[in-house]
Structures are given as structure tokens and as C-alpha cells.
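[1] Here's my sequence, what's the structure:
(4 chains)
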Number of protein chains: 4
Amino acid sequence: MTVDMRSPFRIVLLATGGTIEKSYDAAAGTLTLDAPVIETLLDALDQPDVQIEVRRVMSVDSLDMGEAERAAIVAAARACLVDDAPDAILITHGTDTLAQTAAALAGSLAGLDRAVVLTGAMRPYRVAASDAAQNVAQAVMAARLLGPGVYAAFHGRVIPAGRIVKDYDRLTLVEQST
Amino acid sequence: MTVDMRSPFRIVLLATGGTIEKSYDAAAGTLTLDAPVIETLLDALDQPDVQIEVRRVMSVDSLDMGEAERAAIVAAARACLVDDAPDAILITHGTDTLAQTAAALAGSLAGLDRAVVLTGAMRPYRVAASDAAQNVAQAVMAARLLGPGVYAAFHGRVIPAGRIVKDYDRLTLVEQST
Amino acid sequence: MTVDMRSPFRIVLLATGGTIEKSYDAAAGTLTLDAPVIETLLDALDQPDVQIEVRRVMSVDSLDMGEAERAAIVAAARACLVDDAPDAILITHGTDTLAQTAAALAGSLAGLDRAVVLTGAMRPYRVAASDAAQNVAQAVMAARLLGPGVYAAFHGRVIPAGRIVKDYDRLTLVEQST
Amino acid sequence: MTVDMRSPFRIVLLATGGTIEKSYDAAAGTLTLDAPVIETLLDALDQPDVQIEVRRVMSVDSLDMGEAERAAIVAAARACLVDDAPDAILITHGTDTLAQTAAALAGSLAGLDRAVVLTGAMRPYRVAASDAAQNVAQAVMAARLLGPGVYAAFHGRVIPAGRIVKDYDRLTLVEQST
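    Here you go, the predicted structure:
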């Protein structure tokens, strides 16, 4: 694998909501998806030659995603590949249906010539002991090193689309055993 | 590239000191290398199927490393490859002479069949706005995805040994231009 | 006022639940009162001659408190005054009915000869930008300096029982104007 | 003691440097007093009716303070009492000579009719496990509740000027025993 790390690496990040983006609303007394979080998370990362542009697709809990939402994410990814030609696409997403969205992307993006990496978190970025910053940092590194394809990067692991399973006992994403 | 992400990924981390490990000593009023830091940093990462064993090689500022220290690190890496056969080696190291240690490792580990990834930080893990956790998280992902060789993983970038340069203006490690 | 600050200052802290103690349950995807939080918060404070003993009275959202819960808190405070004779009592409590509990305590603890200080938080201790540690730290200082009586200490302010009002617009506790 | 907590409480904070304000300079690889810290610390406190105006007097390690520096701090406090008439004065200061500055203030501010509270930290605000935010939060509460006089507020304790001693073993400020 020869990777040129000397030019800026351009990523478009499609933000869709999910646990990673939940923040505490003191008036409501609950976690909501009302405040921007991804930008704050990215500001805390130090990676001077990685350029990440955040694009908001939706702000929903992934349990509330259906076919329409998945189609919108696929359309956003396709438009981004055509219009922006980034070096890679990152998608932040709830973990409950991340596998379905990854499968939809893999099935729809024919001739994909770069990496599309989905990630998220089991604990919101704005909550103690969150895994959000780790997952996004590792997803950036995975996006930079992986060849073309659709993957989840999560908890130090890369899983190809079509094999992603949420493990509700261990609270992580794992690769389906065959 | 086919990477099996279903078995535990076993890493030996050789800790050598450097800025990443400095912590505040309130009695002395300065940053020192007296307290363990790497274990605390790793505890904060959530990667259930990555097994990281920390091995202390030394605790020195990399400006104070000479040939003897570099030889000790090379010897520790070689012993580890023979005795433990981990899936990858991580080395935490000061940034001032990380390039020299990487070059020494690349020159000495003939027939290396896995990744050896060096990382560190510009700001100690125990200081606000540190890049330490990001760098270690990304180094783990790089170690998992890279083929055999000696590399630095730093600030979202992978740089092969022999081409690593510290950029004192931008406070990062960069790849030497040809 | 003459305050002897040379002996240890002994506080019994009655924990009752409330927003201050909510923590994220990744399996449920919500904030719950299932995990101990007050002990962790107190461990992060540095006050070597303040001895705080935590006693769990209940773990409820203060919106769910009724007369029975308030009676239990009053009984716990009374028992503590008799059995332990601490220098002061701290009570962590949800903000929605903190005023009612303070009034019940003031009405029931006849001949009270030390400070009983209630506090809580608008944002859980385990959430970013929480006011919990500040409020507890300031409540400790208030408990040390105030004379006998029942008070709320909140957001840098001390409010006597009977005059506490939750300001739902500004998300704080204020003193009732006359 | 009757304290009116319904009007804003106006504090002038005289910043003088000290450990509390040290932050990491990645270029130098050491802790310095070059960056503003007190404003960031105050922004993290939630106390809507406490108005704190920060005034920079100097930025020095308190071991480097001599008679000239102490005279400058006394002059700044005196000018502030005359010109601004705040409800209280807070002074952030290194711990090594905080006792001497408190004594100088107590000896010079004849007829002082409000509280002057000095505080600081054993660990910089920008370092893990810092006591800085706790000390400032408690100093604000002490300033609000104490009568006229010069005091240190530190680690949950109030100590009158003339009796402050740094305990180098326990790393705290204590009250001199008689």
C-alpha cells in the first residue's frame, strides 16, 4: 500500500444524529439532538493536514430511521462523491441501524473508488467516559488507510459493510462470524 | 488488504517516556516523568478486542536519548517480536528524537513481518487540550491496518521510518518532502 | 463570626438523587440514577481537613418526591443530628422540589444548632459543563461559614429555607423577592 | 449575619500569576504564565448573579515576588476599593508567598469594610486533577459570606491573614497553630 501523506487529506463528514451527538438540555432534563456536537468534537482533534467539512444530513436517533432516511443518506453520499470528490467520506450515525445504512450504501454506490467510513458512539460525546472522540479519531485514520469500500470503524475495529452487527451485551459493534 | 478483525488483536506497547507521559508534580512545581500515565490513558480507550500489554523500557525525555537508549529500545522490540509474537508493536516516545529511533528500528529489524508504530504527543496526556489520547487511538488503528514496517502515527498521519521530521513551527511530525 | 478552621470539619452528606446524580446508561440509552456519583464527585475535591461521610437516603428524581419522601429526608437529618452530631449536614437533592424539602426541614428541626445546606445541579455531574462540582464545593464552604439554619447553596448564592424558588427561565435557584 | 443575596454581587478579581495560571507551552515544553487562564476558569463557573471583573496586576511565580510586587498588589487593591467599590476583592496568587501578601494587605488597608480573599492552586487549572476551579468557586462563596477582613480561602478552609502557613508536606495552606 502506498499512501501519500504529504498533501492535505480531504474528508466530507455527513452528520446524521445518533447517540454520539446527544447533549444535555437542562430545561428539558433529558438528552436531545438539538445542539451541534460534531464540530466541537472535531475542534478538539489535532490533525493539521486533515481537512474535514461537516455536512448536516439529518439529526435523528437511528432507531427512528427508516427507508426514507437511509435513502437520504445514500443520496447525500452520492452527491458528495460527485460534487466534492473528497479523499474519503465519514458518516456519524446511531449504532442501532448503522449496519443497515452501511449495507444500503454498499449496495448503492456502484464503482465506489474510495473509503466510506461510518462511526458513532455508545456514549454521547458530551457525557463522561465517552467513546466518541476515540471513534472519530480512529475513523479518520481508517479512512486514510483503507482502500475503496464501505466500513464501520468502531472501538479500534474495522468491519466491512454487510458484516456489521451490534452486540447489545458488550455494547459495541462486532463483525458477524460466518 | 484482508484484515481479520474477529480475533483479539494483541499489541505490546513499549513505553519510553517523552512529553506524552509527563505529569504535574505539585511538590516540585514542574512536569516530571515520575508517575505512570500510559496505563491511565489506555484505560480510557474503549476497544474490547484489542489487547495491549504495556512494557516499560525507560522513562526519559527524548532529548536525553543517545545511542545507548536507542539500542535499548531496538533490543526491547527485537526481544518482544521473538518472545511474544504480538500482532503489532506500539512505542510511545518523545517527539524530538522519535525519527532517529524509528530509523534505528527500521535499520535493525531485518525481516520484520508486522507493523511497529511509534507515537507520542506535543502536549502531555495530563494537560488540557492534549493530543495524547488521539495519537494513541490512531496509532492503534494504524497498527491494525498497516502492513509490515516501521512508522510514526501522529496527528492523523502515518509517516514511514526514514522520512519522519519534526516540524518545530507547526508543532507536529511531518513527512520529509523529496 | 469566629470560625475555628484548625480541626477537621465533619459533614454528613445525605444523598437523595436528583439531576446531580444522573449518569448515562449505555444499554438503556438514557440518564439514570443507578450508579453512585456523589462519591466520585467528592473524590475530585481537595479539602484535606473536611471529612464528609455520604449516607444514601433515596435515589429519586425530585419531581417524584411526595410527602413520604420528604418525611424520610427529615427523619434522616434528625437522626443524623442526634446520632452523629456532625458540624454540618449537606443534602444533595433534585432542584424541582428542593424548596419544599428545605421548608419541611426548617419546619421540623426545632432548636437546630448548626447549618443544613441543600444543593444539587442543573446539569448532571457526569455531563459536560456540569455545575455539580461547583455547587458541592460552594455548599461545603457555605456549610462551614453559615450559622444555624436551613439553606440552599446554589450557583454562588445562599438562600434561606422558605425563600427558595426555582427559576425555570434562567435555570437556577433564586431568592424569592418580597 | 444578614446577607442580601438578591442583588448582583460585584467582585473585582486581581490576577497576579502563580501556579493556578500556568499553562503548557508546547514549543517550550514547559509550563509558563504566558496565556490567560483566569477568564477561562471563570467562564466554566455558573453563578449568574455574581459579576466578576478580572484585572491583571502582574503574571509572576510567587517565589519571584518581592517587596515591590507586594506593594503593587496592595496599591491595586486600594485603588480598586476607592474607584470601584466592589462588594469584595478576590486575588489569585501563587501559594509560596500568599501569606506575605495577605499580611501586607491586612497591614495596609486601614478601615477595610469588606472581604479581600486570596486564593490559588497547588496544581494549575490546565492540568489534570487541578484544585483551581474548586478554590476559586469556594473563594467566591467565602467572599460573599465573610465580613470585612483579609483571608485565604483554600481547599475548603478559610484562614485569616497573619495566620496563613503553607504546609509543604501536605501541599495545602493551613492555619498556624498557636
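[2] Specify the residue positioned farthest from the middle of chain A.
    Farthest-out residue of chain A from its mean C-alpha position, per C-alpha atoms, centre = their mean: residue A:27, at 28.9 Å.
[3] quick one: contacts for the closest residue to it other than its chain neighbours?
    The spatially closest residue to residue A:27, leaving aside those adjacent along the chain, is residue C:171, at 6.4 Å (C-beta to C-beta, 6 or more residues apart in numbering or on different chains). Backbone N, C-alpha and C define where each C-beta goes, glycine included. Listed by C-beta atoms under 8 Å, 6 or more residues apart in numbering or on different chains, the contact set of residue C:171 reads A:26-27, C:122.
[4] and the next element down the chain from the biggest strand by length in chain A?
    Looking across chain A with DSSP state E, the single longest strand is strand A:50-60. Toward the C-terminus, strand A:50-60 is succeeded by helix A:67-83 as the next helix or strand (DSSP states H and E).
[5] Mind listing what's buried along that next one?
    A:69-70, A:73-74, A:76-77, A:80-81 (16 or more other C-beta atoms under 10 Å in any protein chain shown).
[6] Stretch A:125-141 too?
    A:125-128, A:130-141.
[7] Same question for stretch A:137-154.
    For stretch A:137-154, a neighbour-count test (16+ other C-beta under 10 Å) marks A:137-146, A:149-154 as buried.
[8] Mind listing residues that contact the helix or strand hosting residue A:14?
    If you go by DSSP H and E, residue A:14 is part of strand A:9-17. Here strand A:9-17 makes contact (C-beta under 8 Å, 6+ apart) with A:21, A:33, A:38, A:42, A:49-62, A:65, A:69, A:73, A:76-77, A:80, A:84, A:86-94, A:101, A:140, A:143-144, B:156.
[9] Quick one, which of these are buried?
    A:21, A:33, A:38, A:42, A:49-50, A:52, A:54, A:57-62, A:65, A:69, A:73, A:76-77, A:80, A:86-94, A:101, A:140, A:143-144, B:156.
[10] Quick check: pLDDT value at residue A:177.
    Per-residue confidence (pLDDT) for residue A:177: 82.
[11] so where does it fall, helix or strand?
    Counting by DSSP H and E, there is no helix or strand that carries residue A:177.
[12] from the middle of its chain, how far away would stretch A:48-60 be?
    Offset of stretch A:48-60 from its chain centre (C-alpha atoms, centre = their mean, to the nearest Å): 10 Å.
[13] Alpha carbons of it, as CSV, please.
    Extracted C-alpha coordinates of stretch A:48-60, given in CSV (Å, rounded to 0.1, in the frame of the first residue of the first chain):
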residue,chain,number,x,y,z
PRO,A,48,-3.3,19.8,10.8
ASP,A,49,-3.3,18.3,7.3
VAL,A,50,-6.7,16.5,7.5
GLN,A,51,-9.4,18.8,6.3
ILE,A,52,-12.9,17.8,7.4
GLU,A,53,-16.0,19.6,6.1
VAL,A,54,-19.1,18.8,8.1
ARG,A,55,-22.4,18.5,6.3
ARG,A,56,-25.7,18.0,8.2
VAL,A,57,-28.0,15.4,6.6
MET,A,58,-30.4,14.9,9.5
SER,A,59,-30.4,14.8,13.3
VAL,A,60,-32.2,11.6,14.3
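[14] quick one: average pLDDT of it?
    97.
[15] For stretch A:28-40, list the C-alpha coordinates in PDB.
    The C-alpha trace of stretch A:28-40 is given here as PDB (Å, rounded to 0.1, in the frame of the first residue of the first chain):
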ATOM      1  CA  ALA A  28     -36.000  19.500  29.400                       C
ATOM      2  CA  GLY A  29     -33.900  17.500  31.800                       C
ATOM      3  CA  THR A  30     -33.000  15.000  29.000                       C
ATOM      4  CA  LEU A  31     -30.500  14.300  26.300                       C
ATOM      5  CA  THR A  32     -31.500  15.800  22.900                       C
ATOM      6  CA  LEU A  33     -30.100  16.200  19.400                       C
ATOM      7  CA  ASP A  34     -30.700  19.900  19.400                       C
ATOM      8  CA  ALA A  35     -27.200  21.300  19.700                       C
ATOM      9  CA  PRO A  36     -24.300  20.900  17.300                       C
ATOM     10  CA  VAL A  37     -21.700  18.500  18.700                       C
ATOM     11  CA  ILE A  38     -19.600  17.100  15.800                       C
ATOM     12  CA  GLU A  39     -17.900  20.500  15.200                       C
ATOM     13  CA  THR A  40     -16.900  20.700  18.900                       C
END
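[16] can you tell me if it touches chain B.
    No: taking C-beta under 8 Å from any C-beta of the partner chain as the criterion, stretch A:28-40 and chain B are apart, separated by no less than 12.8 Å.
[17] and the buried residues of helix A:67-83, which two are the farthest apart?
    Using C-beta to C-beta, the pair of these lying farthest apart is A:69 and A:81, separated by 19.1 Å.
[18] re earlier: what's the angle from the strand holding residue A:14 to helix A:67-83?
    Here strand A:9-17 points in a direction 160 degrees away from that of helix A:67-83 (axes from the mean of the first three to the mean of the last three C-alpha atoms, to 10 degrees).
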